[in-house]
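Chemist: Build me a structure from this.
(one chain, ligands or ions: 2)
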Amino acid sequence: MKTTRLLLTLHNLSSPSKTAYLYQVNSIQSRCFLHTSMPLMDKNTTCVEEHPHTRAVVQAINQHQQPSDYMLNHEIYTEKELHDVQITHKKFESWHDRVAYAAVRTLRLVFDVFTGYMHVSTPSERNSTKAIQHTHKMMTEQQWLRRFIFLESIAGVPGMVGGMSRHMKSLRTMRRDYGWIHTLLSEAENERMHLLTFLELRQPGWLFRGFVLLGQGAFFNAFFLTYLISPRVCHRFVGFLEEEAVITYTRCIEDIDAGRLLAWSNLPAPQIAKTYWRLPENSTMRDVLLAVRADEANHREVNHTLADVGPNAPNPFVVQTKRQTDRSTAERH
Ligand SMILES: [Fe+2]
Ligand SMILES: [Fe+2]
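Modeler: Ligands and ions are numbered 1, 2, ... in the order given. Presented below is the predicted three-dimensional model:
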């Protein structure tokens, strides 16, 4: 459908515009390959065949396009960083923090019921597969995936809402944003990449998609309205939400290590994940989960810090974003 629309538009353009248009389409497409595994427009479509001069331009662009070119920065972790992630909890400092934490716990309870989440609570229980099977407190690979997909479809909302709200504020107040927008948008993009990675392993049915639609509608509006009133509470809320995400992914990694998720013990990592986090070719699902968990820990620190400094302070993570850019540039050359 999208391809047809693009082709129709293309035929209505004059020759020089076609070249520029194809340039743009292929630039988008190269990224869409990485983001969705589905090209918007095939390189060998008849349209390109009909115009050899445009095909030459497209080929030249594709040769120079790096598969790791992303418009938004994101963290690439060392082995040590991946394994150093800890479960942490920020102490309450005001009633805002208590409100934010209560909201997270309530949301988590609803979410746990919806996804059929269960876990063993004590270390001794965790070491006993017999005890786990007896109490039925064991998540299967499919249950984990269902949980991850729903979680990530919601987790991509706050960064986009925060970035959008600050962008709009900058426009209407005619003031600078001091570096928050890019950090928040790259967080939203990062969460969307988590979602697309898990979608390589499971395609949800229409009922699940219906719940995602409802969840997004409710959460987007609630978060947006709250962000207009108190950005500080919203970032604290996301900080606590990310604490829970780190706990969830840590438990899943523990399950793999304990041999409770046999189908994932040697499952190769999806290509989209290997490209995005620049993982080695022989990476497994466990490596992907380690990278996702490190991202969540990163979001946790970023959002707690943004809540601490308040919405009028400059973004303290601008330096970190610059470090990511420098690292990406160094790896490319
Ligand atoms: Fe995530
Ligand atoms: Fe996150």
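
Chemist: Close to ligand 1: what parts of the protein are there?
Modeler: Listed as neighbours of ligand 1 in the chain under the rule C-beta under 5 Å from the ion: E152, A155, E191, H194. Where C-beta positions appear, they are placed from N, C-alpha and C, glycine not excepted.

Chemist: Most widely separated two among those?
Modeler: A155 and H194 (7.2 Å; C-beta to C-beta).

Chemist: hang on, the earlier thing: near ligand 2 too, which of the residues of the chain next to ligand 1?
Modeler: Within the residues of the chain next to ligand 1, those near ligand 2 by C-beta under 5 Å from the ion are A155.

Chemist: Turn the residues of the chain next to ligand 1 into a markdown table, including pLDDT and secondary structure.
Modeler: Output for these, formatted as a markdown table (pLDDT from 0 to 100; DSSP: H, G, I helix; E, B strand; the rest coil):
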| residue | pLDDT | secondary structure |
| --- | --- | --- |
| E152 | 96 | helix |
| A155 | 97 | helix |
| E191 | 97 | helix |
| H194 | 97 | helix |
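
Chemist: What I need now is the residues of the chain next to ligand 1 written out in TSV, including neighbour count and distance to D112 for each item.
Modeler: Output for these, formatted as TSV (neighbours: other C-beta atoms under 10 Å; distance: C-beta to C-beta, whole Å):
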residue	neighbour count	distance to D112
E152	21	16
A155	25	15
E191	25	19
H194	25	19
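
Chemist: Could I get the residues of the chain next to ligand 1 in TSV, plus columns for distance to F237?
Modeler: Converted to TSV, the residues of the chain next to ligand 1 look like this (distance: C-beta to C-beta, whole Å):
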residue	distance to F237
E152	17
A155	12
E191	15
H194	19
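
Chemist: which among the residues of the chain next to ligand 1 gets closest to R232?
Modeler: Of the residues of the chain next to ligand 1, the one sitting nearest to R232 (C-beta to C-beta) turns out to be A155, at 19.6 Å.

Chemist: For that closest one, list the residues it contacts.
Modeler: E191, H194, L241, A245 (C-beta atoms under 8 Å, 6 or more residues apart in numbering).

Chemist: again, only using 6 Å
Modeler: E191 (C-beta atoms under 6 Å, 6 or more residues apart in numbering).

Chemist: quick one on the thing from earlier: and the residues of the chain next to ligand 1, which is closest to L267?
Modeler: For the residues of the chain next to ligand 1, the nearest to L267 is H194 (16.6 Å; C-beta to C-beta).

Chemist: show me what contacts that closest one?
Modeler: Going by C-beta under 6 Å, 6+ apart, H194 touches E152, V292.

Chemist: How about V233?
Modeler: Contacts of V233 by C-beta under 6 Å, 6+ apart are H96, A100.

Chemist: in which helix or strand would I find it?
Modeler: Using DSSP states H and E, V233 sits in helix 231-257.

Chemist: what pLDDT does P204 get?
Modeler: P204 carries a pLDDT value of 95.

Chemist: do you know how far it is from ligand 2?
Modeler: 20 Å (C-beta to the ion, to the nearest Å).

Chemist: Check L201 too.
Modeler: Taken as C-beta to the ion, the span from L201 to ligand 2 is 19 Å.

Chemist: and the residue of the stretch 51-200 of the chain nearest ligand 1?
Modeler: H194 (3.8 Å; C-beta to the ion).

Chemist: for the nearest residue to E242 once chain neighbours are set aside, what are its contacts?
Modeler: The shortest distance from E242 to any non-neighbouring residue, by C-beta to C-beta, 6 or more residues apart in numbering, is to R300 (3.6 Å). By C-beta under 6 Å, 6+ apart, the contact list for R300 reads G239, E242, E243.

Chemist: surely the second one meets A297?
Modeler: No. Taking C-beta atoms under 6 Å as the definition, E242 is not a contact partner of A297, at 7.3 Å.

Chemist: Taking the stretch 151-300 of the chain, what residue is nearest to ligand 2?
Modeler: Closest point on the stretch 151-300 of the chain to ligand 2, by C-beta to the ion, is H299, at 3.8 Å.

Chemist: For the closest residue to that residue other than its chain neighbours, grab the count of nearby residues.
Modeler: Excluding the flanking residues, the one nearest H299 by C-beta to C-beta, 6+ apart is E242, at 4.4 Å. Under the neighbour criterion other C-beta atoms under 10 Å, E242 is assigned a count of 24.

Chemist: How much space separates L267 from ligand 1?
Modeler: Applying C-beta to the ion to L267 and ligand 1 gives a distance of 19 Å.

Chemist: Identify the residues contacting that residue.
Modeler: T284, M285.

Chemist: May I have the phi/psi pair for D177?
Modeler: The phi/psi pair for D177 (degrees, to the nearest 10) reads phi -100, psi -20.

Chemist: and if you look at T284?
Modeler: phi -120, psi 180.

Chemist: what's near enough to touch it?
Modeler: N266, L267, A269.

Chemist: coming back round to it: go ahead and confirm the residue of the stretch 151-300 of the chain closest to ligand 2 touches E244.
Modeler: No. Using C-beta under 6 Å, H299 makes no contact with E244, being 11.4 Å away.
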